[in-house]
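In: Quick one, structure for this:
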Amino acid sequence: MSEPTTGPRSVLVTGGNRGIGRAIAEAFLAQGDLVAVTTRSGGAPDGALELKADVTDASSIDGAFADAEAAHGPVEIVVANAGITRDTLLLRMSEDDWADVLDTNLTGSFHVVRRAAKGMLRLRRGRIVLVSSVVGLLGSPGQVNYAASKAGLVGMARSLARELGPRGITANVVAPGYVDTDMTAALSDEQKAAIRDRVPLGRYASPAEVADAVTWLASERAAYVTGAVIPVDGGLGMGH
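Out: This is a model prediction of the structure:
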């Protein structure tokens, strides 16, 4: 069903050039929204405003928002999706392995939502969606850094929901499970089969299925949903 709207909205998606982020950007574009995408390496979807930016650099993010606002007006919907992994077992995990993942996934999201909130507070409306992971709820061996960063997004969103809710701004989390992307394509057939065996629905998600949850949270139908964690994981993390 197409999303009823009073006009195109200004949307910014971080890490929107590939995988889940690209699918999210494309879903908003399909609804007729004005979409800006931050990327470090280029390759934004057709129709999106491409902004070279690094979420770990607050000044870089400030500049990206300024460019998006100049082109599309104040950002009404922000999706903090940019993230990295540096997987290794705890005793082999270096200080850089830890810091790089936390700086990108958690501190980077802080930079994005802090800048987005400035405009949303003036508008007295806005939607913040943070892309977490089932790993942030379940944990995973070899992903202490990644799981910690993704769990932190839940606390961030719930604090934002309480702080910004009185001004008409919602903050929610989408927690994907295993998704069919370039990252999972690199796994061996045996690894893929082992993962599918753990998922009640017996398959990976498509990036578009994650995007559907994000666009719903940004829609009028979700106007009374805030501080929520929406799993898109085929049942893998149920109970968490």
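In: Now for residue 145: which residues touch it?
Out: The neighbourhood of residue 145, defined by C-beta atoms under 8 Å, 6 or more residues apart in numbering, consists of 86, 93, 97, 98, 101, 102. Quick note: C-beta positions are derived from backbone N, CA and C, even for glycine.
In: Could you look up the SS state of the fifth one?
Out: Just to be clear, that refers to residue 101. The assignment at residue 101 comes out as helix when based on DSSP: H, G, I helix; E, B strand; the rest coil.
In: Show the pLDDT at the closest residue to it other than its chain neighbours.
Out: When the adjacent residues along the chain are set aside, residue 101 lies closest to residue 145, with 4.1 Å between them (C-beta to C-beta, 6 or more residues apart in numbering). Among the per-residue scores, residue 145 shows a pLDDT of 97.
In: picking up where we left off before, now neighbour count and pLDDT too, for the contacts of residue 145, in a markdown table please.
Out: As requested, the contacts of residue 145 are exported to a markdown table (neighbours: other C-beta atoms under 10 Å; pLDDT from 0 to 100):
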| residue | neighbour count | pLDDT |
| --- | --- | --- |
| 86 | 17 | 94 |
| 93 | 17 | 98 |
| 97 | 17 | 98 |
| 98 | 16 | 98 |
| 101 | 24 | 98 |
| 102 | 17 | 98 |
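In: Mind putting the residues you listed into JSON lines with distance to residue 25?
Out: As requested, the contacts of residue 145 are exported to JSON lines (distance: C-beta to C-beta, whole Å):
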{"residue": "86", "distance to residue 25": "25"}
{"residue": "93", "distance to residue 25": "32"}
{"residue": "97", "distance to residue 25": "29"}
{"residue": "98", "distance to residue 25": "29"}
{"residue": "101", "distance to residue 25": "23"}
{"residue": "102", "distance to residue 25": "25"}
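In: ok, these vs residue 112, which is closest?
Out: Of all the contacts of residue 145, residue 112 sits closest to residue 102, with 14.7 Å by C-beta to C-beta.
In: quick one: contacts for the closest one?
Out: The neighbours of residue 102, taking C-beta under 8 Å, 6+ apart as the test, are 145, 148, 149, 152.
In: hmm, 6 Å instead?
Out: In this structure, residue 102 makes contact with residue 149, judged by C-beta atoms under 6 Å, 6 or more residues apart in numbering.
In: Roughly how far does it sit from residue 109?
Out: When C-beta to C-beta, to the nearest Å is applied, the distance between residue 102 and residue 109 equals 10 Å.
In: just residue 226 next, same as before
Out: For residue 226 relative to residue 109 (C-beta to C-beta), the value is 17 Å.
In: Looking at these two, which has the bigger crowd around it?
Out: Counting neighbours by other C-beta atoms under 10 Å for residue 226 and for residue 109 shows that residue 109 has the greater number, 27 against 20.
In: Just say helix, strand or coil for residue 78.
Out: strand.
In: Quick check: closest non-adjacent residue to it.
Out: Residue nearest to residue 78 in three dimensions, not counting chain neighbours: residue 116, with 4.0 Å by C-beta to C-beta, 6+ apart.
In: so is that neighbour in a helix, a strand, or just coil?
Out: In three-state terms, and counting by three-state DSSP, residue 116 is helix.
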